[in-house]
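**Q** Need a 3D model of the sequence below.
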Amino acid sequence: MSTRIAFLKGHGTENDFVIVPDPENAIDLPPAAVAALCDRRAGIGGDGLLHVVRSAAHPEAKDMAAEAEWFMDYRNADGSVAEMCGNGVRVFARYLQRAGFADEGDLAVATRGGVKSVHIAKDGAITVGMGRALLPETDVTVSVGERSWPARNVNMGNPHAVAFVADLDHAGDLLSPPPYQPAAAYPDGVNVEFVVDRGPRHVAMRVHERGSGETRSCGTGACAVAVATARRDGADPAVTGTPATYTVDVPGGTLVITERPDGEIEMTGPAVIVAEGELDAEWLAGTVA
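**A** Just a heads-up that it's a prediction; the model follows:
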């Protein structure tokens, strides 16, 4: 293996990622190494890591290789594996464009949450087909301190609990996972969104992402919030035949979410590559010693 490993740093509405290009899946990235890379003091720093691998070269993505050449092997900041990351997909696509692996227009990206359709617009905005939301009929409650709220259970390929609150400050510091009940609703943990209204079809949110703490943005979370808000507002595109579009403000910017009558959800937002460089392979090896 080379003594140096390429990396990039990017963000989507300030949800930031370490990007490790590895087309042939030759770089070993155990959880401890990922956590070290995402450490904001001793590593590069990020809410997560985007491991860029050709689908045919990864055992979890081989079955998707005919549909999507590239697999987003996404990891949370603590090194744990995650099914999907909406902001991550946009940054992943921006990297592929920068590296010459993709052009403006349509692109398919394999993820653990399935193959996602991506459109890179001329103006730089990236739209991701996020799939359909599942709405398990489970009564969920989330808590912060002495406050508790009912939450909508939404699955976007990863699990979410969406709570509507009077003030986003009521979410507390979101450093640790907000407690939820019943525990059986989310056996693998959950992303928790706290939501306030800003205007007609316009909301703002804060989020605790499992494995990462509070992040500046969460793409799947914004989709979950838009769907939960639509249902709260009595809007169901599958019933009305009319798309429902919501603007979702996150601490790091703004995302636009549209749920179509066929149930497909599209998310549009920015994606930026801010730096690239090289990792020292000896340092990386030392993170797991």
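**Q** for Pro179, what are its contacts?
**A** Taking C-beta atoms under 8 Å, 6 or more residues apart in numbering as the definition of contact, the neighbours of Pro179 are Val142, Ser143. For glycine as for every other residue, the C-beta is placed from the backbone atoms N, C-alpha and C.
**Q** 6 Å instead, please
**A** By C-beta atoms under 6 Å, 6 or more residues apart in numbering, Pro179 lies in contact with Ser143.
**Q** Quick one: neighbours of Asp262, just the number.
**A** A count of neighbours around Asp262, defined by other C-beta atoms under 10 Å, yields 10.
**Q** tally of neighbours for the nearest residue to Arg94 once chain neighbours are set aside?
**A** The shortest distance from Arg94 to any residue that is not its chain neighbour, by C-beta to C-beta, 6 or more residues apart in numbering, is 4.0 Å, and that residue is Ala271. Here the neighbour count serves as a burial measure; for Ala271 (other C-beta under 10 Å) it reads 26.
**Q** wait, what's in contact with Ala271?
**A** Residues in contact with Ala271 (C-beta under 6 Å, 6+ apart) are Gly12, Arg90, Val91, Arg94, Ile126.
**Q** same thing but 8 Å
**A** Neighbours of Ala271 in contact, by C-beta under 8 Å, 6+ apart: Gly10, His11, Gly12, Asn87, Arg90, Val91, Ala93, Arg94, Ile126.
**Q** buried ones in the helix or strand where Val225 lies?
**A** With secondary structure defined by DSSP states H and E, Val225 is part of helix 219-232. By 16 or more other C-beta atoms under 10 Å, the buried positions in helix 219-232 come out as 219-231.
**Q** just to revisit the earlier point, on the pLDDT front, check the residue nearest to Arg94 for me.
**A** For Ala271, the model assigns a pLDDT of 98.
**Q** Now do the phi/psi pair for it.
**A** Backbone dihedrals for Ala271, given as degrees, to the nearest 10, come out at phi -150, psi 130.
**Q** For the stretch 1-150 of the chain, just list every one of the strands.
**A** Remark: strands of the stretch 1-150 of the chain, listed N- to C-terminal, are 4-12, 15-21, 48-54, 70-76, 105-111, 114-120, 126-132, 140-144, 147-155; assignment by DSSP state E, counting those that start in this stretch.
**Q** what number of residues lie near Ala289?
**A** Using other C-beta under 10 Å, Ala289 has 5 neighbouring residues.
**Q** residues in contact with it?
**A** Ala289 touches nothing, counting by C-beta under 8 Å, 6+ apart.
**Q** Quick one: end-to-end distance for stretch 165-181.
**A** End-to-end distance for stretch 165-181: 17 Å, by C-alpha to C-alpha, to the nearest Å.
**Q** circling back: which one (most neighbours) among the contacts of Ala271?
**A** Taking other C-beta under 10 Å as the neighbour criterion, Asn87 ranks highest of the contacts of Ala271 with 35 neighbours.
**Q** circling back to that earlier point, how far does the helix holding Val225 sit from its chain's centre?
**A** Relative to the mean C-alpha coordinate of its chain, helix 219-232 is positioned 14 Å out (C-alpha atoms, centre = their mean, to the nearest Å).
**Q** next helix or strand past that helix?
**A** For helix 219-232, the following helix or strand on the C-terminal side (DSSP H and E) is helix 237-240.
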